[in-house]
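Asks: coords please:
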Amino acid sequence: MIKAAPENNYHYNPKLRSRANQLRKSMTKSEACLWKYVLRARKMRGYQFRRQRPVLNYIADFMCKELLLIIEVDGITHDDPDAFLRDMKRDERLKEVGFTTLRFSSWEVLNRIGEVGGMISDWIGEREEGPPPCSPAGGGD
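Replies: Below is the predicted model:
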């Protein structure tokens, strides 16, 4: 499988565009909170995240192209053993093309958003090789 890269638009799937737009307009409370308080407007260490991004045959809750990072927020429907297996297969398929998937439960996002943001920031920090993109003058986040 070809790795995700700018040349292949990070495996963007235009066939899922309409469904992704629907999901973007009807985000869950936990998705909306993660977007508003942690990921939007380059709040996360200067990186741009996209909501409901079609990748391969999936729609990622949040994706950062530069980091090849996908963040998923799982509700109670993901507690089912079949859903767990589907999620694992999906994560493996995305890994084959170079993406890392970080998963958080809706409960974690709604009740411990600061910790969730910290875990995402820590993951990014462990992979950065130099200053983050579009870092503000003066060097602070």
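
Asks: Can you name every helix or strand that the one helix or strand Val109 maps to contacts?
Replies: In this structure, Val109 sits in helix 106-111 according to DSSP states H and E. Judged by 3 or more C-beta pairs under 8 Å, 6 or more residues apart in numbering; DSSP states H and E, the packing partners of helix 106-111 are helix 29-34, strand 69-74, helix 113-127. Every C-beta, even on glycine, is put in place using the N, C-alpha and C of the backbone.

Asks: Deepest in the core, which of those is it.
Replies: strand 69-74 (a mean of 22; mean count of other C-beta atoms under 10 Å).

Asks: Quick one: mean pLDDT for it?
Replies: Averaged over strand 69-74, pLDDT sits at 96.

Asks: try stretch 98-118
Replies: For stretch 98-118, mean pLDDT is 97.

Asks: Now do the helix holding Val109: everything it contacts.
Replies: For helix 106-111, the surrounding residues in contact (C-beta atoms under 8 Å, 6 or more residues apart in numbering) are Thr28, Lys29, Ser30, Glu31, Cys33, Leu34, Val73, Asp74, Gly75, Ile76, Glu115, Val116.

Asks: Contacts only, for the fourth one.
Replies: With contacts defined as C-beta under 8 Å, 6+ apart, the neighbours of Glu31 are Arg51, Asp61, Phe62, Val73, Val109.

Asks: Kindly report the same for the second one.
Replies: By C-beta under 8 Å, 6+ apart, the contact list for Lys29 reads Ser106, Leu110.
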